[in-house]
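Trainee: Return atomic coordinates for the entry below.
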Amino acid sequence: MVVAVMTDSAVVAGVLGLGTAGGLLLIGTAWRGRTRAIPPPRGPALMSAVRGRIGSRRAVLQAAASAGAGLVVGVVTGWVVGALLAATTVWLLPRLIGPDRVHAQQLARIEAIAAWTEMLRDVLSAAAGLEQAILGTAPLAPAAIRDQITGLASRLESGQRLAPSLRRLAGQLADPTADLVLAVLVLAAEHHARQLADLLGSLAATAREQAAMRMRVETGRARTRTTVRVIVATTLAFAAGVVAFNRAYLEAYDSAAGQVVLLLVGAVFVAGFAWLAHITGSGAPARSLALDTDTEQGAQL
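Mentor: Numbering: from 1, shown residues only. Coordinates of the predicted model:
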């Protein structure tokens, strides 16, 4: 009887601890968001702030869902370790079964770079200078890179030199396709390259080909991602079914030693889920050029 009371007390303490941690996390995140909102940003920084606010809100909702899942599992099963594992699993679920937002952003950025390069080509064909072409295309730049291009135009309007500004743009975009285009623009700004419009047209075609190639790669990854979803859904459905319909089978985990074993087993599954999330995700593309190495030095000139 004493052991049962102690176990119940530990379970209640663990559940309350999880609830307190979740509440503190929500309060801290909301407070950080409140302090960052003063003063309100303007111009391109406003869009970046909005995206950051949306991302932080998504993180708060995900943290709340994880804490809620942990509380529910802790109350139903009476396992502190089970509550911790449930919260961790819910935290990893968006990466396992959700869309690959990183790949979508990379693909949209490549297509935007290709479209902006075509804009520059068309404006340069009308006998305009490179700086005038950048200033003229900035308001019409695709949404995926509009903030960065608008920032480039703002730096040029404030009197900064073109080549260092382009190198800074390369650091902001951090994309190998953008490096190729911006390398040509830097050479044109420093050495007055000829037939720049024709070269930009070729680079735009290359960017389109790279986007198509990444789409083919993503088609192959989609099959792997579907397999991962099936594995994760089957594992979680089996675990939930055992807990709901065959509770006697899990009585061995009610003791302290059983909780340690459950922690080890759960750690193996969590590590497996994390590995699956890693192999199905799209990593950052390797950059062949380092145009942004002199960014800070150029920004000071």
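
Trainee: Would you confirm that Leu196 contacts Ala188?
Mentor: Yes - counting by C-beta atoms under 8 Å, Leu196 touches Ala188, with 5.0 Å between them. No exception for glycine: its C-beta is placed from N, CA and C like everyone else's.

Trainee: tell me, what's touching these two both at once?
Mentor: Counting by C-beta atoms under 8 Å, 6 or more residues apart in numbering, the common neighbours of Leu196 and Ala188 are Leu130.

Trainee: how does this structure divide up, domain by domain?
Mentor: By the assignment in automatic domain parsing, the chain contains the domains 1-97, 99-301.

Trainee: Pick out the shakiest of those, pLDDT-wise.
Mentor: Set side by side, the domains of the chain give their lowest mean pLDDT on domain 1-97, at a mean of 61.

Trainee: residue ranges for the helices of the stretch 51-200 of the chain, please.
Mentor: Along the stretch 51-200 of the chain, the stretches classed as helices by DSSP state H, counting those that start in this stretch are 80-97, 101-125, 130-137, 146-157, 162-173, 176-191, 196-245.

Trainee: Need the winner for burial among these.
Mentor: Mean neighbour count, computed with mean count of other C-beta atoms under 10 Å, is highest for helix 162-173 among the helices of the stretch 51-200 of the chain, reaching a mean of 22.

Trainee: Give the other helices and strands that that helix contacts.
Mentor: Helix 162-173 is packed against helix 130-137, helix 146-157, helix 176-191, helix 295-300, with contacts defined by 3 or more C-beta pairs under 8 Å, 6 or more residues apart in numbering; DSSP states H and E.

Trainee: The residue nearest to the spatial centre of the chain and Val217: what is the separation?
Mentor: Central residue of the chain (C-alpha atoms, centre = their mean): Val102, 5.3 Å from the mean position. Shown here: Val102 relative to Val217, a distance of 13 Å by C-beta to C-beta, to the nearest Å.

Trainee: same thing with Trp79?
Mentor: Relative to Val217, and taking C-beta to C-beta, Trp79 is found at 42 Å.

Trainee: can you put the helices and strands packed on helix 162-173 in CSV and add distance to Arg121?
Mentor: Compiled in CSV, these are given as follows (distance: least, C-beta to C-beta, whole Å):
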stretch, distance to Arg121
helix 130-137, 9
helix 146-157, 15
helix 176-191, 10
helix 295-300, 25
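
Trainee: Quick one: closest of these to Ala237.
Mentor: Evaluated with C-beta to C-beta, the helices and strands packed on helix 162-173 place helix 176-191 nearest to Ala237, the distance being 41.1 Å.

Trainee: packing partners for that closest one?
Mentor: By 3+ C-beta pairs under 8 Å, 6+ apart, helix 176-191 packs against helix 101-125, helix 130-137, helix 162-173, helix 196-245.

Trainee: quick one: contacts of the shortest one?
Mentor: Contacts to helix 130-137, defined as C-beta under 8 Å, 6+ apart, come from residues 116, 119-120, 123-124, 128, 149, 152-153, 156-157, 162, 185, 188-189, 196.
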